[in-house]
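*Asks:* Got a sequence here, can you model it:
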Amino acid sequence: MTAATEFEPVIGLEVHVQLATQSKAFCGARAEFGGPPNTHIDPYTLGLPGALPVLNHRAVEFALRMGLACGCDIALRSELSRKHYFYPDSPKGYQISQFDRPICENGHIEFVLGSERRQVRLLRIHIEEDAGKNLHLAGGRTSLIDFNRAGVPLIEVVSQPELRSAEEAGEYLRAIRQLVRFLGISDGNMEAGSLRCDANVSIRPRGSTQLGQRTELKNINSFKYVQKAIEHEILRQIDIVQSGGRVVMETRGWDAARGTSRSQRQKEHAHDYRYLPDPDLPPLIIDETWLASIAAALPKTPMQRRDHYLLRLGLTPYDASVLTAERELCDYFDQALVAAGVPTEDESLGDGLRSRAKLCANWLSSELLGLLNKDSREISASPVSAESLGELVRCVSDGIISGKQGKEVFFRMYESRQSPTEIIEQLGLRQLTDPTLITAACRKVVDDPAMQKQIEKYKQNPKLLGFFVGKALAETQGKAKPELVSAIMLSLLAEK
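*Replies:* Take a look at the predicted model:
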């Protein structure tokens, strides 16, 4: 066993999700990203005397959506507390958060790592407000403060310390981003700061059940850096322990440019923040009827959609992962399935409809997404509607056109935005499926005196069937369905 494998990492993530509300958590100032510094502010944002908080109803709804989607226990009564700390980006001298009575507890996040399905338990999900942003100018002597972000509503998703590798932590974080986007509560944009992650990392001897001393990594703003920062911290702690040192409880900032972390401050304990219920906010009471209506309106989660595609439609894990990358993509696929004649719910599917669903997935993931990626377009800007793609799949599946013809039709659909039926009629591509007409074309070929030598060769080598099928297709200007031509030609040659 190598030195590194003697230790087991223990990782827990605190993920801050900026909620996509129009106004801030406790006031009417705008919560949108961007804008000139200090323009999305009001007296409450600045902590001016006499400015009182009013809880954003929409922020509570979004927190409940997340809690329900994660299978959390929802607290019908919770409290909003003041978390005291003195820092320039917090003009009030405290942050409104939730301490011992959060709105959501327990629950879990599901994701797939490799081919294995994982589930990580949650400790809690709570509501809080964001801080402002410090802007440090070059030279290190001057800092500016932008309060546009101060007071923007967040939920903090806190995991149990059940992650065991940087890779697993990365996939867990991606699953949260995917879920909040499916739920419509956040855009999950790490670069814009609407999804931020603090990682608590410790190590312990492999096989031990006792937790080691943890450090907290902050300022991680991409999935790649989350993994890099955790990997770096694991190796740093192993090096300390193997050198006879002791890991100290501290907060460390990740420097992506240098690929290393640096100590920022000793890690605080809960009592250091002097939590107390906010005297200006009453307890948060959740109406059960309202909660039930939120639960009834929840969309399917990414994992539920994935299971549906795997189990009911018979798609591959790869297909399912591609199609569930974004909710808009799932919705597009489901609409295309309906247009292709594949029921999306309730009814069981036979092999024929499963094959049609697979064909639909192939056209979407390979052909359409390939062109959209090339043109830097989102699925919402696709020139081919879901209904048109489903109609094309139905035309190919029903034998109206061949798969090869389908590609020609598809590219014309992408360029012209016409329906497949319009293009098929314009180009005269509709396949000939009349058995009488196809039989006549095949008989003309086998009855041709010039074909008799080839027929004798065919009797010695049945692989020459393709030669006769090609001749018959030429008689129909390539419009006859090849499968029908092959079957009829095989029957006629057997008579010779």
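*Asks:* Can you list the low-confidence ranges for this structure?
*Replies:* Low-confidence segments of the chain (pLDDT under 70): 1-4, 267-271, 345-348.
*Asks:* Setting the sequence-adjacent residues aside, check what's closest to Ile127.
*Replies:* Ala63 (5.1 Å; C-beta to C-beta, 6 or more residues apart in numbering). Heads up, the C-betas are built off the backbone N, CA and C, glycines and all.
*Asks:* Over to Val247?
*Replies:* Nearest to Val247 is Gln213, by C-beta to C-beta, 6+ apart, at 4.4 Å.
*Asks:* Tell me the secondary structure at the one you found.
*Replies:* Secondary structure state of Gln213, per DSSP: H, G, I helix; E, B strand; the rest coil, is coil.
*Asks:* One more: the one 3 residues further on?
*Replies:* For Glu216, the assignment made with three-state DSSP gives strand.
*Asks:* Going by neighbour count, which residues of stretch 41-60 are buried?
*Replies:* 41-42, 44-46, 53, 55-56, 58-60 (16 or more other C-beta atoms under 10 Å).
*Asks:* wait, which of the residues you listed is closest to Ile379?
*Replies:* Of all the buried residues of stretch 41-60, Arg58 has the smallest distance to Ile379: 26.4 Å, by C-beta to C-beta.
*Asks:* how close does that closest one get to Asp447?
*Replies:* Separation of Arg58 from Asp447 (C-beta to C-beta, to the nearest Å): 77 Å.
*Asks:* Equivalent analysis for Glu378, please.
*Replies:* According to C-beta to C-beta, Glu378 and Asp447 sit 57 Å apart.
*Asks:* I figured Lys407 was touching Ser366, is that so?
*Replies:* No - between Lys407 and Ser366 there is no contact, the gap being 10.4 Å when judged by C-beta atoms under 8 Å.
*Asks:* between the two, which one's more packed in?
*Replies:* The residue with more neighbours, out of Lys407 and Ser366, is Lys407; 15 against 11, by other C-beta atoms under 10 Å.
*Asks:* what's the neighbour count on the closest residue to the more buried one other than its chain neighbours?
*Replies:* Leaving aside its chain neighbours, Lys407 sits nearest to Glu367 (7.3 Å; criterion: C-beta to C-beta, 6+ apart). Using other C-beta under 10 Å, Glu367 has 18 other residues around it.
*Asks:* which ones are touching Ser222?
*Replies:* Contacts for Ser222 were tallied using C-beta atoms under 8 Å, 6 or more residues apart in numbering; they are 190-191, 256.
*Asks:* Would you convert these into a markdown table that also reports secondary structure?
*Replies:* Listed next are these as a markdown table, based on three-state DSSP:
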| residue | secondary structure |
| --- | --- |
| Met190 | coil |
| Glu191 | coil |
| Ala256 | coil |
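*Asks:* ChimeraX command to pick out the buried ones of those?
*Replies:* A single ChimeraX command selects the buried members of the contacts of Ser222 (16+ other C-beta under 10 Å):
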select :190
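*Asks:* Now the contacts of Ser222 in JSON lines, please, with extra columns for distance to Ala472.
*Replies:* Below are the contacts of Ser222 laid out as JSON lines (distance: C-beta to C-beta, whole Å):
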{"residue": "Met190", "distance to Ala472": "59"}
{"residue": "Glu191", "distance to Ala472": "59"}
{"residue": "Ala256", "distance to Ala472": "65"}
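*Asks:* and the nearest residue to Gly71 once chain neighbours are set aside, what is it in contact with?
*Replies:* Nearest residue to Gly71, sequence neighbours excluded (C-beta to C-beta, 6+ apart): Gly107, at 4.6 Å. Taking C-beta under 8 Å, 6+ apart, we find Gly107 in contact with 67, 70-73, 121-122, 125.
*Asks:* try 10 Å this time
*Replies:* Listed by C-beta atoms under 10 Å, 6 or more residues apart in numbering, the contact set of Gly107 reads 66-74, 121-125, 157.
*Asks:* What about those, which are in helices?
*Replies:* Mapping the contacts of Gly107 onto helices (DSSP state H) picks out 66-69.
*Asks:* Mind jotting down where the helices sit in the stretch 101-250 of the chain?
*Replies:* Taking DSSP state H, counting those that start in this stretch as the criterion, the stretch 101-250 of the chain carries its helices at 166-183, 223-242.
*Asks:* Wait, Leu46 touches Ser90, no?
*Replies:* No - Leu46 is beyond contact range of Ser90, at 11.0 Å (criterion: C-beta atoms under 10 Å).
*Asks:* Between the two, which contacts overlap?
*Replies:* Applying C-beta under 10 Å, 6+ apart, one finds that Leu46 and Ser90 are jointly contacted by 132, 147, 150.
*Asks:* and the second one, how many residues sit next to it?
*Replies:* I take that to be Phe147. Phe147: 22 neighbours (other C-beta under 10 Å).
*Asks:* Ser321 too?
*Replies:* So Ser321, with other C-beta under 10 Å, has 15 neighbours.
*Asks:* give me every residue that touches it.
*Replies:* For Ser321, the contact set (C-beta under 10 Å, 6+ apart) comprises 112, 302, 306, 309, 315, 365.
*Asks:* Can you give the domain ranges for this structure?
*Replies:* Annotated domains of the chain cover 4-290, 300-427, 435-495 [automatic domain parsing].
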